[in-house]
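Participant: I'll drop the sequence and a predicted model, then ask my questions.
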Amino acid sequence: MLLTREGIKDVEKWRSRGIKLPNYDVEEISKRTKESPIWLHFGAGNIFRGFIALLQQNLLDKGLIDKGIIAVESYDYEIIEKIYVPYDNLSMLVVMNIDGTLEIEVIGSISDKIIADPSHSDWERLKNIFSNPSLQIASFTITEKAYNLKDFSGEYIKDVKEDIEEGLDKPKHIISKVTSLLYERYKAGKYPLALLSLDNFSGNGERLFNSIKTIAEEWIKKGFVEEGFLNYLTDSTKVSFPLSMIDKIVPRPSEEVKKKLEDLGIERMDIIKTSKNTIIAPFVNAEKIHYLVIEDKFPNGRPPLEEAGVIFTDKETVEKVERMKVTTCLNPLHTTLAIFGCLLNYSTIADEMKDPCLKKLVEKVGYDEGLPVVVHPGVLDPEEFLREVIEVRFPNPYMPDTPQRIATDTSQKIAIRFGETIKSYKQRSDLKVTDLKYIPLVIAGWLRYLMGLDDEGNPMTLSPDPLLEDLRSHISNIKLGDVDSVKDNLKPILSNVNIFGVDLYEVGLGERIESYFKEFIEGPGAVRRVLEKYLGCKE
Ligand SMILES: NC(=O)C1=CN([C@@H]2O[C@H](COP(=O)(O)OP(=O)(O)OC[C@H]3O[C@@H](n4cnc5c(N)ncnc54)[C@H](O)[C@@H]3O)[C@@H](O)[C@H]2O)C=CC1
Ligand SMILES: O=P(O)(O)OC[C@H]1O[C@](O)(CO)[C@@H](O)[C@@H]1O
């Protein structure tokens, strides 16, 4: 059995194996989408295929719409060559239920794919789509770092610098590419459009807006575009940047799932790692539970995604719900498990939840330190959400999620995941920052992680992170077992407002973190001993 448009025509074969097929004519929908595109999605990776495309498939299945989504890849073209082209843009979603059952569904709602590179023939097509009045949404799952125009010293990064100098014709950075494409839309008739960031961080829409605006302003200064373009971008009845909160755990594809699919007779299910480090397969494995809350600001209309379970609401509610998830009830816990999971040599998040120390640590970070500063968003209940994360989602033994995946880019996430809670404690008159014990313990754990040695003292591979070299230049002066070697080496990190959102010494936590760190490096096994000491979790 082949996952291709031809292959899925043998309907009985797929259905007899319990695999759900699109309830619509995939070819016909693809044709209509190309004639009159409504939705482009930048970032053709796992979450797009396993969540966003599923929502559109639900609407297509119900006959509520007649167009799919066009996947756009601006960074890792191998994804398109190896995972889209050979499978006619189809993907296979494998939902891992908590009772071990799998729900398998072929997703046909990705109607076309585009390589967003000015030197590729697709670029003209992309410009045409951006000039088409029918387009309603350009959405993004491109990872948090892709929105950055500057490095930590405040300088434009190389590609951005060159894009600013060279103008609209050959942009390299995704934000310059999108700004250049928006200029096509502006020239074609100032048509409305929603630019929807679905990346997992606070104020995602605002950050997308600010980055695009910065490029537009630089191009105005250079005379490449006129002021009117900026007016178009800043007029929310024309171009909107809705905020969103996205939540579905979509781990990297697992070998076990691949084998199960092959056992069902499905061929060519190989997992690949691209040269840009994307780990991807023709299938996507994911949990069933998901939440998507979006600010309802779509100047050119949108598909009725509420019929697929999306919550549309106002900006304030999205902000609250997003703060709840990203800064207290899910992602800080995930990062906690990532750091200590790597140090203690765990290979799945679910296994970590069986470790009494780690379960207790996430309970402390979530219930004791996070919940007190959460503002109830109304549309979801924080305590219930947190309970579901700790009791149902993280412990799902069938989810092949790894601490190493979540540890990726920690330096980019830590300000939001922990810094926001620290700031809230600082602002509240009834709370003291120095009441925080477990968040500082996790931050000290991250510094210990950066030593690149597990708790036994064996070398471990650190997950990719754009600041890794920089951070390691300080940490590598410190030796496991030599508390005196700490000296002032942690100071440049812990005082860096760009990393934590606050200077941890100024708020009164720097010394506490240093002290936990010193305990963590006392020698092999110290990480486990320190957790036992502070959590009282020794079995
Ligand atoms: N995987 C998950 O469970 C969830 C992910 N998300 C968000 O989606 C993002 C992507 O996640 P996945 O699709 O699972 O990862 P992935 O690794 O499968 O795909 C990453 C995508 O981002 C693109 N990308 C990476 N760096 C880029 C850059 N500098 N410029 C432009 N594009 C770039 C890649 O080319 C690829 O299309 C996450 O960082 C997160 O913000 C949100 C909710 C759940
Ligand atoms: O740490 P990241 O890369 O943002 O991923 C966090 C994980 O948790 C989630 O926030 C769950 O929604 C997903 O983004 C992802 O599975």
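Facilitator: In hand now; what should we look at? Ligands and ions are numbered 1, 2, ... in the order given.
Participant: and Asn477, how many neighbours?
Facilitator: 13 (other Cβ atoms under 10 Å). In this view, the C-beta of every residue, glycine as well, is placed from N, C-alpha and C.
Participant: which bits of the stretch 201-350 of the chain sit near ligand 2?
Facilitator: Taking Cβ under 6 Å from any ligand atom as the test, the list of the stretch 201-350 of the chain residues beside ligand 2 reads 247-250, 330-331, 334.
Participant: Could you pull up the contacting residues of whichever residue of the stretch 401-539 of the chain sits closest to ligand 2?
Facilitator: As assessed by Cβ to the nearest ligand atom, ligand 2 sits closest to Ile406 within the stretch 401-539 of the chain, at 4.7 Å. Under the criterion of Cβ atoms under 8 Å, 6 or more residues apart in numbering, the neighbours of Ile406 are 334-335, 337-338, 341, 349.
Participant: same thing but at 7 Å, please
Facilitator: Remark: with contacts taken as Cβ atoms under 7 Å, 6 or more residues apart in numbering, Ile406 is in contact with 334-335, 337-338.
Participant: At which residues are the helices of the stretch 151-300 of the chain located?
Facilitator: Taking DSSP state H, counting those that start in this stretch as the criterion, the stretch 151-300 of the chain contains helices spanning 158-166, 174-189, 204-221, 227-234, 255-263.
Participant: Once you drop chain neighbours, what's closest to the closest residue to ligand 1 within the chain?
Facilitator: Among the residues of the chain, Gly45 lies nearest to ligand 1; the distance is 2.1 Å by Cβ to the nearest ligand atom. Once flanking residues are discounted, Gly45 sits nearest to Thr278: 6.0 Å by Cβ to Cβ, 6 or more residues apart in numbering.
Participant: Now do the contacts for that neighbour.
Facilitator: In this structure, Thr278 makes contact with 45, 76, 79, judged by Cβ under 7 Å, 6+ apart.
Participant: mind listing what the last one touches?
Facilitator: Taking Cβ under 7 Å, 6+ apart, we find Ile79 in contact with 44-45, 73, 274, 278, 280.
Participant: Over to Leu380?
Facilitator: When contacts are counted by Cβ under 7 Å, 6+ apart, Leu380 touches 291, 321.
Participant: one more time with 6 Å
Facilitator: Shown here is Leu380, whose contacts under the criterion Cβ atoms under 6 Å, 6 or more residues apart in numbering are Val321.
Participant: And the pLDDT for it?
Facilitator: Turning to Leu380, the model gives it a pLDDT of 95.
Participant: next one: Glu456
Facilitator: Glu456 is assigned a pLDDT of 98 by the prediction.
Participant: for Ser119, helix, strand, or coil?
Facilitator: The assignment at Ser119 comes out as coil when based on DSSP: H, G, I helix; E, B strand; the rest coil.
Participant: burial count for it?
Facilitator: A count of nearby residues for Ser119, using other Cβ under 10 Å, gives 7.
Participant: nearest spatial neighbour of it, skipping sequence neighbours?
Facilitator: Among residues not flanking Ser119 along the chain, Lys170 sits closest, at 7.3 Å (Cβ to Cβ, 6+ apart).
Participant: gap between that neighbour and ligand 2?
Facilitator: Lys170 sits 30 Å away from ligand 2, taking Cβ to the nearest ligand atom, to the nearest Å as the criterion.
Participant: Would you indicate which residues of stretch 237-250 are buried?
Facilitator: Buried residues in stretch 237-250, counting neighbours by 16 or more other Cβ atoms under 10 Å, are found at 238-250.
Participant: Now distance to ligand 1 and pLDDT too, for those, in JSON lines please.
Facilitator: Formatted as JSON lines, the buried residues of stretch 237-250 follow (distance: Cβ to the nearest ligand atom, whole Å; pLDDT from 0 to 100):
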{"residue": "Lys238", "distance to ligand 1": "25", "pLDDT": "98"}
{"residue": "Val239", "distance to ligand 1": "20", "pLDDT": "98"}
{"residue": "Ser240", "distance to ligand 1": "20", "pLDDT": "98"}
{"residue": "Phe241", "distance to ligand 1": "16", "pLDDT": "98"}
{"residue": "Pro242", "distance to ligand 1": "15", "pLDDT": "98"}
{"residue": "Leu243", "distance to ligand 1": "14", "pLDDT": "98"}
{"residue": "Ser244", "distance to ligand 1": "10", "pLDDT": "98"}
{"residue": "Met245", "distance to ligand 1": "9", "pLDDT": "97"}
{"residue": "Ile246", "distance to ligand 1": "4", "pLDDT": "97"}
{"residue": "Asp247", "distance to ligand 1": "6", "pLDDT": "97"}
{"residue": "Lys248", "distance to ligand 1": "5", "pLDDT": "97"}
{"residue": "Ile249", "distance to ligand 1": "5", "pLDDT": "94"}
{"residue": "Val250", "distance to ligand 1": "4", "pLDDT": "95"}
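Participant: Out of those residues, give me the two with the largest separation.
Facilitator: Comparing every pair within the buried residues of stretch 237-250 by Cβ to Cβ identifies Lys238 and Ile249 as the most remote, at 35.5 Å.
Participant: Please list the residues of the stretch 151-300 of the chain that sit near ligand 1.
Facilitator: Along the stretch 151-300 of the chain, the residues adjacent to ligand 1 under the rule Cβ under 6 Å from any ligand atom are 174, 199-200, 246, 248-250, 278, 280.
Participant: Take these and keep only those in strands.
Facilitator: Counting by DSSP state E, the members of these that fall within strands are 246, 280.
Participant: can you tell me which of the contacts of Thr278 are in strands?
Facilitator: Cross-referencing these against strands under DSSP E gives no overlap.
Participant: Closest one of those to Ile416?
Facilitator: Closest approach to Ile416 among these (Cβ to Cβ): Gly45, at 20.5 Å.
Participant: Next, count neighbours for the closest one.
Facilitator: Close neighbours of Gly45, defined as other Cβ under 10 Å, add up to 22.
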